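Visitor: Quick one, structure for this:
(one chain, ligands or ions: 3)
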Amino acid sequence: MPAIVLVGAQWGDEGKGKATDLMGSDVDYVVKFNGGNNAGHTIVIEKNGKREKYALHLLPSGILTPTCTPVIGNGVVIDLAVLFEELDGLEARGVDTSRLLVSANAHIIAPYNRVLDKVNERFLGSRKIGTTGRGIGPTYADKMARNGIRVQDLFDEKILRQKVEAALALKNQILAKIYNRRAVEVDEVLEELLGYAERLRPMVADTSLVLEQALNEGKTVLLEAGQATLLDVDHGTYPFVTSSNATAGGACTGSGIPPTRVNTVIAILKAYSTRVGEGPFPTELFDANGEFLRKTGAEFGTTTGRPRRCGWVDTVVGRYATRINGVTDFVVTKLDVLTGLDTIPVCVAYDVDGVRHDEMPVNQTDFHHAKPIYEDLPGWWEDISTCRTFGDLPANAQAYVLRLEQLIGARVSAIGVGPGRDEIISRHSLLGD
Ligand code: GDP
Ligand code: IMO
Ligand code: MG
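Guide: Ligands and ions are numbered 1, 2, ... in the order given. Presented below is the predicted three-dimensional model:
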């Protein structure tokens, strides 16, 4: 089987975790290829007649499927304390986590990078990004500056010491002289990192090779993105982005699987829009409708608990996601949240200082000035959470999905009508038919 990529189409929290979990036993490997514990993927499953909720930050969603091998790819940045906390938490709930593989080339979030993320945001004041404060940006910056610490370095103490010394030589100057913080001791960092080495050792693998062999054996590999298209460091609303490539291209560099192996790209699109942190958001609502979406959709961050900014769906963003990722299939999530509205505005284009833009403006200033041009679609009042086929949906809900499909330029293959595993309408297989 070829590889399948799954990405977020908007600003994150579209329901990637649920969509990945949905494919569950049809998939042999689920690979996280970018980001770290800035992500928060929620999965709700039915166990002994009760709904159980899992929030995963660092682990790929496939960890909840017993037949699936979860993989942390080379493109990920790992906070080891969070990794083991998350593994322990799952084990305590009866989930077998022994299959997890971790790339030897993945980078480690060193304790000083957590500190730097927080003090840097404070330093930026009103110009802040609104990061999750997990050390993501400084760790990717180290990776690009060739100052990073990799998983494999934990198994060579001499090299590890040299690398930490080199990193701290500069960072301690910055911490002490710019931020007025205490310097970090080399031994303190070594002690913390080496404390995890033995537990990590059996999980470490050449994951690119493992995945190549799996694909050759006809296995199905799903590459699951953290974050989303507009948070991508190259293609997002820079500088209000995360520091990794969350779009489909990142799936290849972040896993070591070549592009010629990928034939399906699934994008998850929420039926409305949300964003956490700072940055432009043309369809953002500041009125009762925004409050309605936040409340009905329970739009509070899985990772930081921050209230998410809410707005109507933006099909300029959807079209852009189709283009940048080469989307073959969309999963539209949270359609149920829109139930009970008389009309539902859909953003079809932008007005930028009197000029109509049907495509994402390339210029950052234009995007900041973009005013949505809406098409009003009629709403529905029926409870749709029990619908299981497209035909079960009220006519106006069907029309809403079909209009989205037209505007975003790729087929909608599944529709989420609730958080549960079974609360989904499937129109086409997501496995690349
Ligand atoms: P991710 O980061 O993309 O995995 O998304 P999050 O887990 O951060 O946020 C999505 C939220 O929506 C979670 O609480 C999910 O349980 C929930 N969810 C996913 N799909 C649906 C859906 O179709 N309907 C409703 N009501 N909730 C959903
Ligand atoms: P999932 O995978 C939503 C946002 C942060 C901030 C910006 C940069 O659950 O969709 P960072 O800590 O990455 O340097 O923060 O990116 N952000 C997310 N927003 N969902 C996420 O992940 C996010 N990961 C980062 O709020 O605006
Ligand atoms: Mg999330």
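
Visitor: I'd guessed D142 sits against H107; true?
Guide: Yes. Between D142 and H107 a contact is recorded at 7.3 Å, counting by C-beta atoms under 8 Å. Using the backbone N, CA and C atoms, a C-beta is placed for each residue, glycine as well.

Visitor: Please enumerate the shared neighbours of the two.
Guide: Common contacts of D142 and H107 (C-beta atoms under 8 Å, 6 or more residues apart in numbering): 148-149.

Visitor: where does this structure have its least confident helix or strand?
Guide: Every helix and strand in the chain was compared by mean pLDDT, DSSP states H and E; the lowest is strand 41-47, with a mean of 89.

Visitor: residues from the stretch 101-250 of the chain in reach of ligand 2?
Guide: The stretch 101-250 of the chain has residues 129-132, 134, 136-137, 226-228, 231, 242-243 near ligand 2, with proximity defined as C-beta under 6 Å from any ligand atom.

Visitor: possible to save these as TSV with pLDDT and distance to G254?
Guide: What follows is those, written out as TSV (pLDDT from 0 to 100; distance: C-beta to C-beta, whole Å):
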residue	pLDDT	distance to G254
I129	93	21
G130	93	24
T131	95	20
T132	94	19
R134	97	17
I136	98	14
G137	98	17
G226	97	10
Q227	98	12
A228	98	15
L231	98	14
T242	98	13
S243	98	13
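
Visitor: Leaving out sequence neighbours, find the closest residue to whichever residue of the stretch 201-350 of the chain sits closest to ligand 3.
Guide: As assessed by C-beta to the ion, ligand 3 sits closest to T302 within the stretch 201-350 of the chain, at 4.7 Å. Closest residue to T302 apart from its sequence neighbours, by C-beta to C-beta, 6 or more residues apart in numbering: G40 at 2.7 Å.

Visitor: I'd like the distance between the one you found and ligand 3.
Guide: Noted for G40: a distance of 4 Å to ligand 3, by C-beta to the ion, to the nearest Å.

Visitor: quick one: contacts for that residue?
Guide: Contact analysis of G40 by C-beta under 8 Å, 6+ apart lists 13, 55-57, 301-303.

Visitor: quick check, nearest of those residues to G94?
Guide: L56 (15.5 Å; C-beta to C-beta).

Visitor: Do I have it right that that closest one meets G36?
Guide: No. At 11.9 Å, L56 does not count as touching G36 under the criterion of C-beta under 8 Å.

Visitor: anything in contact with each of these two?
Guide: In contact with both L56 and G36: no residue, using C-beta under 8 Å, 6+ apart.

Visitor: So for those two, which sits in the more crowded spot?
Guide: A side-by-side neighbour count of L56 and G36, using other C-beta atoms under 10 Å, places G36 first with 30 against 25.

Visitor: re the thing from before, among the contacts of G40, which lie within strands?
Guide: Judged by DSSP state E, strands contain the following of the contacts of G40: 55-56.

Visitor: quick one: which of the contacts of G40 is most hemmed in?
Guide: D13 leads the contacts of G40 on contacts (other C-beta under 10 Å) with 28 neighbours.

Visitor: So that residue sits against T302, correct?
Guide: Yes. Using C-beta under 8 Å, D13 is in contact with T302, at 7.1 Å.

Visitor: For the closest residue to ligand 2 within the chain, the count of nearby residues, please.
Guide: Nearest residue of the chain to ligand 2, counting by C-beta to the nearest ligand atom: G277, 2.1 Å away. Under the neighbour criterion other C-beta under 10 Å, G277 is assigned a count of 21.

Visitor: I'd like to know how far the closest residue to it other than its chain neighbours sits from R275.
Guide: The shortest distance from G277 to any non-neighbouring residue, by C-beta to C-beta, 6+ apart, is to G130 (3.0 Å). Distance check for G130 against R275: by C-beta to C-beta, to the nearest Å, it reads 9 Å.

Visitor: just V412 next, same as before
Guide: V412 is 22 Å from R275, where distance means C-beta to C-beta.

Visitor: before we move on, what about H428?
Guide: 29 Å.

Visitor: Who has more neighbours out of those two?
Guide: Using other C-beta under 10 Å, the more surrounded residue of H428 and R275 is R275, with 25 against 12.
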